[in-house]
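*Asks:* Return atomic coordinates for the entry below.
(one chain, ligands or ions: 1)
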Amino acid sequence: VKKAAQKAAGDAPRVSSLYVLGAGIMGGGIAWTAARAGMEVRVKDISEAALQKAMEEARRLAAREVARGRLSEEKAQACLARIRTQTDDNGADQADLVIEAVVEKLEVKRQVLAALEPLLRADAVIATNTSSLRVGDIAAALADPGRLVGMHFFNPVPVMPLLEVVRVKATRPEALALAVRCGLDLKKTPVVVSDCPGFLVNRILTAYINAFTRLVAEGVDFRAIDRAMEAWGWPMGPALLEDVVGMDTGAHVIEVISAGYPERMAADYPDVIAAMARAGRLGQKSGAGFYAWSRGSDGRLT
Ligand code: 3HC
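*Replies:* Predicted structure coming up:
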């Protein structure tokens, strides 16, 4: 896989200036990972509070790297100093690559990217971190759709090695190569996938989550399922995973994939995840999902 990625990256230049749209869990994780890899990062969000939260998390991760002896205090501070947060569009004209990680709504993604595009250099590449929307539907909002690719990271971004790089028909080869090169520089394992609902991983994950929710609806304790899957060797079971991913995101992925592949999805799967999302039980981000969550004195969620 690495060799294929190196081939796909070709002689694409390194990304030195990255512009991240959205300071949520994914945007914040991407920003820290990029700064850790030596890139200059600007993170834009409309919410000052979201930007502050992302920086707090970056500081926590930096401190952990120092405590583990993987970074000196000086280098950790230098990584943090490479991240600039903003609510305006400053520096967009310097970006080699923009990664959009705003809310998973097609119209919002289309609007923010269409508004940003005129401020960018003509050769700047735009990537969307959408987890299941069609990248082609987002590309249609751009004056230059050839500059758009998907870069689908997994949560938590600093630890998960896989990166799905999504090619749309219109994507220029140089844009694809730059996204793959960036993925390699972020120490990820990029795989190039086609533009379809759910790409590669979320199609498989959705079948798994639907099998899980069917068991829950039949009365099996979700904790018992988690313990069994962990004992089987997976890092976390499905209930905990949905708490990490967030019920809103999880429900959206299931909805998009169900609509995209009606012939492959059971029509009567129990909508446990969507019901929890509607009830505000979003998982770690809201303090309760399948499990109850609180932040310890070291800032870690337990
Ligand atoms: N951010 C950064 N680093 C984190 C982290 C976070 N949120 N959570 C854990 N880590 C790091 C820890 O710092 C630790 O690193 P270190 O010990 O080397 O410093 C390392 O990960 C292991 O952490 P822990 O020992 O605390 O806990 P675990 O061994 O249980 O690992 C885990 C935690 C990496 C999250 C692991 O449980 C895991 O891999 N879970 C599966 C996650 C997964 O499948 N994600 C994909 C979700 S699907 C998705 O994102 C797609 C979307 O489109 C829906």
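
*Asks:* Now for the residue in the stretch 51-200 of the chain that the ligand sits nearest to, how many residues are close by?
*Replies:* The ligand sits closest to Ser131 of the stretch 51-200 of the chain, with a gap of 2.8 Å, by Cβ to the nearest ligand atom. Using the backbone N, CA and C atoms, a C-beta is placed for each residue, glycine as well. By other Cβ atoms under 10 Å, the residues close to Ser131 number 24.

*Asks:* what sits against it?
*Replies:* By Cβ atoms under 8 Å, 6 or more residues apart in numbering, the contact set of Ser131 is Glu104, His152, Gly198, Asn202, Thr249, His252, Val253.

*Asks:* Against Thr206, how distant is it?
*Replies:* Using Cβ to Cβ, to the nearest Å, Ser131 is found at 11 Å from Thr206.

*Asks:* same question, Arg278
*Replies:* Distance from Arg278 to Thr206, by Cβ to Cβ: 19 Å.

*Asks:* the more surrounded of these two?
*Replies:* Ranked by neighbour count (other Cβ under 10 Å), Arg278 and Thr206 place Thr206 first, with 26 against 12.

*Asks:* about what we covered before: what's the most distant pair in the contacts of Ser131?
*Replies:* His152 and His252 (13.6 Å; Cβ to Cβ).

*Asks:* who's more crowded, the two?
*Replies:* Remark: of His152 and His252, His152 carries more neighbours, 24 against 21, as counted by other Cβ under 10 Å.

*Asks:* Could you check the pLDDT of that one?
*Replies:* For His152, the model assigns a pLDDT of 98.

*Asks:* repeat for Ala275
*Replies:* You'll see Ala275 listed with a pLDDT of 97.

*Asks:* quick revisit: sitting in helices, which of the contacts of Ser131 do you find?
*Replies:* Asn202, Thr249, His252, Val253 (DSSP state H).

*Asks:* Provide a list of residues in contact with the second one.
*Replies:* If I follow you right, that is Thr249. So Thr249 contacts Glu104, Ser131 (Cβ under 8 Å, 6+ apart).

*Asks:* can I see the domain layout of the protein?
*Replies:* Per the record, the chain has its domains at 2-194, 201-285, by automatic domain parsing.

*Asks:* secondary structure element for Val192?
*Replies:* strand 189-194 (DSSP states H and E).

*Asks:* Tell me which strands that strand pairs with, and in which orientation.
*Replies:* If you go by DSSP bridges, strand 189-194 pairs up with strand 162-167 (parallel).

*Asks:* Average pLDDT for the strand it pairs with, rounded please.
*Replies:* 98.

*Asks:* Is there proximity between that strand and the ligand?
*Replies:* No: Strand 162-167 is not in contact with the ligand by Cβ under 6 Å from any ligand atom; minimum separation 8.4 Å.
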